[in-house]
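A.B. asks: sequence unavailable; structure follows:
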């Protein structure tokens, strides 16, 4: 008990006596100090006293699938900063292969009495994944916001970048450059954003009278290495351009082109997705479709706060328009 008092007091910058008054429900402590003490308990992993467990902490879970893809640190910075400005402390939960699962993180966050949860990628966008842990959040009416398209029926507020528009912009750019055999490099088959992108690609191909048979569509994981292996299949199919579902995939595609003894963009053009950090510093600088991360992050905070004040935003999906950023990795189709 004394160690807990000392740890919390040090974290908040108050005396142990003040911490004790908060834990025992005694008067003489300001509301802001009381909130700070309870938040420190949660952050340090100490259980709240039984009589205080019914109150939600000013913590918000921020669940992400990884941090290797630079788009996720950018999202964490944007959303975390917005939460802090509104008096909430983000609890970052990173999934890893063989590590803590998303459902385990949900249980952990519920134990910590969080005020809400934001998911930036996860099982909710995978048709073949288990979604049972989301039902807990619905039952508890815990404010929750999803980033990027979910499977049907979950009923959470969602903020997405328009996947169909991103393909229309990238594919259309390549058509204007004279490309006729365009490959599409997507995420897993059960991934909802990838399904939306594929449907848009088929519409674009039909509109322009181009083929988009099975050998021109490859699914892979969202990593550089997976992108490289998948792009190699597209190159064997004779593509002169590749539209990718992430920037790391696109960098893998550039590597695959070079390993095949070809040049970017003289022989094969490559387009990424996200416009994550340093994509203008690659060689060649990567043409990509930019997600408006700052605007999306602000909307996530707005939807979360609305739910906390009982203005339910359940079931809504807010779509943001992407922006094609043309750099050096795309060029005219080879003669």
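C.D. replies: Sure, I can see it. This is a predicted model, so every value here is computed, not measured.
A.B. asks: point out where the stretch 201-335 of the chain drops to low pLDDT.
C.D. replies: 311-315 (pLDDT under 70).
A.B. asks: try it again with 90
C.D. replies: Applying pLDDT under 90 to the stretch 201-335 of the chain picks out residues 308-316, 335.
A.B. asks: which residue ranges of it form strands?
C.D. replies: Listed in chain order, the strands found in the stretch 201-335 of the chain under DSSP state E, counting those that start in this stretch are 217-219, 241-244, 269-274, 287-290, 317-320, 323-325.
A.B. asks: what comes into contact with the longest one?
C.D. replies: With contact meaning Cβ atoms under 8 Å, 6 or more residues apart in numbering, strand 269-274 is reached by 69-71, 166, 170, 173-174, 177, 179, 240-247, 249-251, 253-254, 257, 264, 279, 286-291, 329-331, 333. In short, each C-beta sits where N, CA and C put it, glycine included.
A.B. asks: now with 6 Å?
C.D. replies: 71, 170, 241-247, 250, 253-254, 264, 286-289, 291, 329-331 (Cβ atoms under 6 Å, 6 or more residues apart in numbering).
A.B. asks: residues near residue 27, how many?
C.D. replies: 5 (other Cβ atoms under 10 Å).
A.B. asks: mind checking the SS state of it?
C.D. replies: Here residue 27 is coil, with the state taken from DSSP: H, G, I helix; E, B strand; the rest coil.
A.B. asks: state the distance from the nearest residue to it once chain neighbours are set aside to residue 28.
C.D. replies: Leaving out its chain neighbours, the residue that sits closest to residue 27 by Cβ to Cβ, 6 or more residues apart in numbering is residue 21, at 7.7 Å. Applying Cβ to Cβ, to the nearest Å, the value for residue 21 to residue 28 is 6 Å.
A.B. asks: which one of the two is surrounded by more residues?
C.D. replies: Per other Cβ under 10 Å, whichever of residue 21 and residue 28 has more neighbours is residue 21, with 18 against 9.
A.B. asks: the more buried one falls within a helix, correct?
C.D. replies: Yes: when three-state DSSP is applied, residue 21 is found to be in a helix.
A.B. asks: ok, it to residue 30 distance?
C.D. replies: Relative to residue 30, and taking Cβ to Cβ, residue 21 is found at 11 Å.
A.B. asks: likewise residue 309?
C.D. replies: Counting by Cβ to Cβ - residue 309 and residue 30 are separated by 23 Å.
A.B. asks: for the residue nearest to the spatial centre of the chain, give me its contacts.
C.D. replies: Centroid check for the chain by Cα atoms, centre = their mean gives residue 120 as the closest residue, at 3.3 Å. Contacts for residue 120 (Cβ under 6 Å, 6+ apart) come out as 64, 75, 147.
A.B. asks: among those, name the ones in strands.
C.D. replies: 64, 147 (DSSP state E).
A.B. asks: all helices of the stretch 101-250 of the chain, in order?
C.D. replies: 102-111, 132-139, 163-176, 192-207, 224-236, 247-259 (DSSP state H, counting those that start in this stretch).
A.B. asks: and the contacts of stretch 145-152?
C.D. replies: Contacts of stretch 145-152 (Cβ under 6 Å, 6+ apart): 118-120, 124-125, 127, 156-160, 192-193, 300, 303-304.
A.B. asks: before we move on, the earlier item: reformat the strands of the stretch 201-335 of the chain as JSON lines; add distance to residue 99 and mean neighbour count.
C.D. replies: What follows is the strands of the stretch 201-335 of the chain, written out as JSON lines (distance: least, Cβ to Cβ, whole Å; neighbours: other Cβ atoms under 10 Å):
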{"stretch": "strand 217-219", "distance to residue 99": "24", "mean neighbour count": "20"}
{"stretch": "strand 241-244", "distance to residue 99": "27", "mean neighbour count": "30"}
{"stretch": "strand 269-274", "distance to residue 99": "24", "mean neighbour count": "30"}
{"stretch": "strand 287-290", "distance to residue 99": "30", "mean neighbour count": "25"}
{"stretch": "strand 317-320", "distance to residue 99": "30", "mean neighbour count": "15"}
{"stretch": "strand 323-325", "distance to residue 99": "34", "mean neighbour count": "17"}
